[in-house]
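# Sequence first, then the predicted structure, then my questions.
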Amino acid sequence: MDRELDDLLPHLSAVAIDGPKGVGKTATAQRRADTVLSLDRASNVALLESDFDFDSFRGKKLLLDEWQYYPKAWDMVRRAVDQGAPAGSFLLTGSASPYDMAGSHSGAGRVVSLRMRPMGLHERGQTTPTVFLSDLLAGEADISTYRSEYKLADYMEAIVASEFPGLAGLNPRALRAQLEGYLMRVIDRDIPELGAEVRHPLALRKWLAAYAAAESTTTAYSKLLDATTGGDGTQPSEKTTRTYREHLAKLRLLDPVPGWVPALNAFTRLQQSPPNTI
């Protein structure tokens, strides 16, 4: 993400960074901003409402953090870009859109969106990259000399430790408590903020666990449902779980990878469903 921003900000007026909560969007954007306005604070919203054309921030790089709590900010930025805002003027960060964006301009052609994902092993400082895909494609890498010091147990430990920067270095008990709290907040608050009622939180927890267990597989949809019965023979409907998936994707907690098959025909590739999706 740092390289992406370094490449884009000198040429683009507005860049929006989205991704799951805790992934480091705000910390990354703050490094490039002169002024930060967190729009989950009423005082900062009032400041914007009194300065709709950003007159107080001219010549400054402005970060609008959690912009989704004041959706008008998106239109304000879009209008400023139309009026000739210099490159690098605006950064927007947010995890989801809890409010109805109907009536807002999409920002197409004005605001460029980037998806920020959790940190990889090399970003966590646990490994040093020795082979790059770009070098392989250019025929400049010799993979016969590559040896990884990471073993299966190391990868398993890295996976369960999560990839959120704020959780790095926690002991196992504290880490588990943080991740449990993260999931409970998603179920109890974040999804309802998107307008969805979670009638059976336990069923959603089980569905999430089943979805995670099916990672990178072609597990049948029926097996995911069977895993949510809780031993009482009941299970959520297909419509309910599709709603779960839709809202969890909005929160960036589900990030389906487009389906891929080694075929030259574009239509054949398009017919392939993303893993873990129906």
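Received it, and whenever you're ready, just let me know what you need. Computed from a predicted structure; not experimentally measured.
# packing partners for the helix or strand hosting residue 242?
Taking DSSP states H and E as the definition, one finds residue 242 inside helix 238-250. Applying 3 or more CB pairs under 8 Å, 6 or more residues apart in numbering; DSSP states H and E, we find helix 238-250 packed against helix 191-193, helix 201-213, helix 221-226. Where C-beta positions appear, they are placed from N, C-alpha and C, glycine not excepted.
# Identify each buried residue in it, please.
Buried residues in helix 238-250, counted by 16 or more other CB atoms under 10 Å: 240, 241, 243, 244, 245, 247, 248, 250.
# if we can go back for a sec, now the helices and strands packed on helix 238-250 in TSV, with mean pLDDT?
Output for these, formatted as TSV (pLDDT from 0 to 100):
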stretch	mean pLDDT
helix 191-193	84
helix 201-213	84
helix 221-226	76
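# Among the ones you listed, which comes closest to residue 175?
The closest of the helices and strands packed on helix 238-250 to residue 175 is helix 201-213. By CB to CB, the value is 16.2 Å.
# Give me the contact list for that closest one.
For helix 201-213, the surrounding residues in contact (CB atoms under 8 Å, 6 or more residues apart in numbering) are 183, 187-188, 191, 198, 219, 223-224, 227-228, 230, 235-236, 241, 244-245, 248, 254, 276.
# Ok, stretch 166-183 next?
21, 22, 24, 124, 161, 162, 205, 208.
# one step back: the helices and strands packed on helix 238-250 into CSV, with extra columns for distance to residue 142 and mean neighbour count?
As requested, the helices and strands packed on helix 238-250 are exported to CSV (distance: least, CB to CB, whole Å; neighbours: other CB atoms under 10 Å):
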stretch, distance to residue 142, mean neighbour count
helix 191-193, 48, 17
helix 201-213, 36, 17
helix 221-226, 42, 14
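# Tabulate these (TSV), appending distance to residue 43.
As requested, the helices and strands packed on helix 238-250 are exported to TSV (distance: least, CB to CB, whole Å):
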stretch	distance to residue 43
helix 191-193	21
helix 201-213	34
helix 221-226	45
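# where does the stretch 51-200 of the chain have low pLDDT?
Residues of the stretch 51-200 of the chain that meet the criterion pLDDT under 70 lie in 96-109.
# residue boundaries of the helices in it?
72-82, 133-137, 152-160, 172-185, 191-193 (DSSP state H, counting those that start in this stretch).
# and the shortest one, what does it pack onto?
The criterion is 3+ CB pairs under 8 Å, 6+ apart, and the helices and strands that helix 191-193 contacts are helix 238-250.
# Now do the helix it packs on against helix 201-213: the angle between them, please.
Angle, helix 238-250 to helix 201-213, by axes from the mean of the first three to the mean of the last three CA atoms, to 10 degrees: 70 degrees.
# so who does residue 66 touch?
38, 39, 40, 93, 94, 95.
# typo on my end, residue 13
Residue 13 neighbours (CB under 8 Å, 6+ apart): 80, 81, 85, 86, 87, 88, 89, 90, 110.
# And residue 56, by the same measure?
Contacts of residue 56 (CB under 8 Å, 6+ apart): residue 47.
# Distance of it relative to residue 241?
47 Å (CB to CB, to the nearest Å).
# Cool, thanks, signing off.
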